[in-house]
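S.K.: Fold the following, please.
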Amino acid sequence: MSGISGNLLTAGSGGGSGAVISCPHGGRATLTAGTSGRAVLINGAPVATAAHIYAVAGCPHTVGGVPEPCAAVRWSADATGITVDGTPVLLDTSAAQCVTAAFVPQGPPFVLSAQREVTVR
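M.R.: Numbering: from 1, shown residues only. Predicted coordinates:
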């Protein structure tokens, strides 16, 4: 795990969740589904893992005048070696790609996170 750094993302929702995630075109990504063990908490919210699904809303991207909005964020989190309930955690530095509803890559998301206190049960 040498050389890996970044802040853990949370699976919380709303303003207290920590990270603000957006697509390259300004759409906002929010947690819509996923499993979350409550073994590791950050300010009372479960740590986000690769099992969580983030949907993108409000993406204005068009190609040739045809709407091609980002619809979701696909994470590649297994490089950290850190897991919660056997699933890789998400860091603000985790590789990810915003995709359309047809899974066409649109570019990496922007992730703005804050350092959080971690509680382990």
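S.K.: tell me, how many neighbours does the closest residue to T62 other than its chain neighbours end up with?
M.R.: Spatial nearest neighbour of T62, chain neighbours left out: E68 (6.1 Å); criterion: Cβ to Cβ, 6 or more residues apart in numbering. (Glycine included, C-beta is placed from N, CA and C.) Each residue near E68 was counted by other Cβ atoms under 10 Å, and the total is 16.
S.K.: what does V84 give?
M.R.: Residue neighbour count, defined by other Cβ under 10 Å, stands at 22 for V84.
S.K.: distance of it from I42?
M.R.: V84 is 11 Å from I42, where distance means Cβ to Cβ, to the nearest Å.
S.K.: Also T62?
M.R.: According to Cβ to Cβ, T62 and I42 sit 37 Å apart.
S.K.: of these two, who's got more company?
M.R.: Between T62 and I42, I42 has the larger neighbour count (other Cβ under 10 Å), namely 22 against 11.
S.K.: Quick check, pLDDT for that one.
M.R.: Looking at I42, its pLDDT is 75.
S.K.: and it, bridged to which residues?
M.R.: Taking DSSP bridges as the rule, I42 bridges to A45, V118.
S.K.: Hmm, it is touching A11, no?
M.R.: No - at 9.2 Å, I42 and A11 do not qualify as touching, with contact defined as Cβ atoms under 8 Å.
S.K.: and the nearest residue to I82 once chain neighbours are set aside, how many neighbours?
M.R.: Leaving aside its chain neighbours, I82 sits nearest to V89 (4.9 Å; criterion: Cβ to Cβ, 6+ apart). Look at V89: counted by other Cβ under 10 Å, it has 21 neighbours.
S.K.: Make sure V89 is actually in contact with L8.
M.R.: Yes - assessed by Cβ under 8 Å, V89 is found in contact with L8 at 6.0 Å.
S.K.: Quickly list what's touching both of these two.
M.R.: Contact criterion Cβ atoms under 8 Å, 6 or more residues apart in numbering; residues shared by V89 and L8: 40, 47-48.
S.K.: Let me have those in JSON lines, extended by secondary structure.
M.R.: Putting the shared contacts of V89 and L8 into JSON lines (DSSP: H, G, I helix; E, B strand; the rest coil) gives the following:
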{"residue": "V40", "secondary structure": "strand"}
{"residue": "V47", "secondary structure": "strand"}
{"residue": "A48", "secondary structure": "coil"}
